[in-house]
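**Student:** Build me a model from this:
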Amino acid sequence: MLIFQYLYMIRFFSFLLNSTAGLFKKWNGSYAFKLLCRIKRTNKDNAPNSFLDAAMQEKMYHDGYEATLYKLGNGPKKLLLLHGWKGYSERWSPLVNIMDLDQFTIHALDAPAHGRSAGNSLNLEIYRQFVAQTIAGACAMHAIVAHSLGGLVTAYAFLSDKNLPVDRFIITGAPAGMQAIYDFFKRMMALKTLVIDNMDDHISSNITTIPALEINMDSFFKNVRKPVLVIHDEDDKICLIEPIKKGVQTSDSIDTLFTKGLGHDLQAMDVYTRTLEFLEADFENK
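**Tutor:** Numbers count the residues shown, from 1 in each chain. Alright, predicted model coming up:
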């Protein structure tokens, strides 16, 4: 019964958006954006969790949105960990468990509508705002470690401020850019190209600090001058590897770890150990 209700709702919204695309462009783009950002929560926000419960927790607020910031450790190297769509900070527990918390201070964000953060909507700009707020509170970050949508948010944060005080970046399982998100939304909702164009106009004019289609990993790879490690799996069906492989070729200074058989989640000890090696590397003396 639920699957039929879900399909009915998709058909209803598809018809609504497609039929109004040419007549009410501003409303059409705004409403499409609202649907794009809406999230059906799948993780329990208040369930007991030994990893999250061991951390100091702080609620953050911006423009009516709530995020939850976790802090672990007291080391001099400050890290910011960013999850992806429908993820939350617990995903980082295997990595944090192999780290020396006398050397690292962990900052992990539950984005709005994820984990222990209230809400039912998330967009790239509001995620970026919480990233900027966290970095400002810490003064600077030794590194950002990001997965999936968190990787695109990281690219967006840098492209919005190329003086972002972050010394290195680890990008895992990231989508190629906003165009890839548009393409997925268009297929899923069976939308006309005009609906996507209206939505892009709305986002670029009212939401993002730079044109939405300029938010992509290619631009990040071409412009970043800090050490970058890119981790992606050959079998990732959610964020395809081909655009990422092409993008990293633009810079000889980008390190890569391309895995096989891990899929989008990239949860494996080889990934964690390579991440830790990159975090501990002394690039100044190389």
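
**Student:** where exactly do the strands run in the stretch 1-150 of the chain?
**Tutor:** With DSSP state E, counting those that start in this stretch as the definition, the stretch 1-150 of the chain shows strands at residue ranges 56-62, 65-72, 77-82, 104-110, 141-147.

**Student:** Tell me where the model's unsure across the stretch 151-286 of the chain.
**Tutor:** 285-286 (pLDDT under 70).

**Student:** ok, which stretches of it are strands?
**Tutor:** Assigned by DSSP E, counting those that start in this stretch, the stretch 151-286 of the chain shows strands spanning 166-172, 228-233, 254-259.

**Student:** Packing partners of the longest one?
**Tutor:** It stands for strand 166-172. strand 141-147, helix 149-160, strand 228-233, helix 269-280 (3 or more CB pairs under 8 Å, 6 or more residues apart in numbering; DSSP states H and E). C-beta here means a position set from N, CA and C on the backbone, and glycine is covered the same way.

**Student:** For the ones you listed, give me TSV that also has mean neighbour count and distance to Ser121.
**Tutor:** Output for the helices and strands packed on strand 166-172, formatted as TSV (neighbours: other CB atoms under 10 Å; distance: least, CB to CB, whole Å):
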stretch	mean neighbour count	distance to Ser121
strand 141-147	24	20
helix 149-160	25	14
strand 228-233	23	28
helix 269-280	16	30
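
**Student:** Between those, which one is closest to His62.
**Tutor:** Closest approach to His62 among the helices and strands packed on strand 166-172 is made by helix 149-160 (14.0 Å; CB to CB).

**Student:** can you list contacts of that closest one?
**Tutor:** Defining contact as CB atoms under 8 Å, 6 or more residues apart in numbering, one finds that helix 149-160 is touched by 82-85, 87, 124, 127-128, 131-132, 144, 146, 164, 166, 169, 171-175, 177-178, 181, 208-210, 214-217, 219-220, 223-224.

**Student:** Let's see which of those end up in helices.
**Tutor:** Assigned to helices by DSSP state H, the following of the contacts of helix 149-160 qualify: 124, 127-128, 131-132, 178, 181, 217, 219-220, 223.

**Student:** Let me know the closest of these to Ile39.
**Tutor:** Minimum distance to Ile39 across those is 11.7 Å, recorded for Tyr127 (CB to CB).

**Student:** ok, the closest one - contacts?
**Tutor:** By CB under 8 Å, 6+ apart, the contact set of Tyr127 is 82, 111-112, 149-150, 153.

**Student:** ok, those residues vs Ile241, which is closest?
**Tutor:** Leu149 (16.3 Å).

**Student:** Cool, thanks, signing off.
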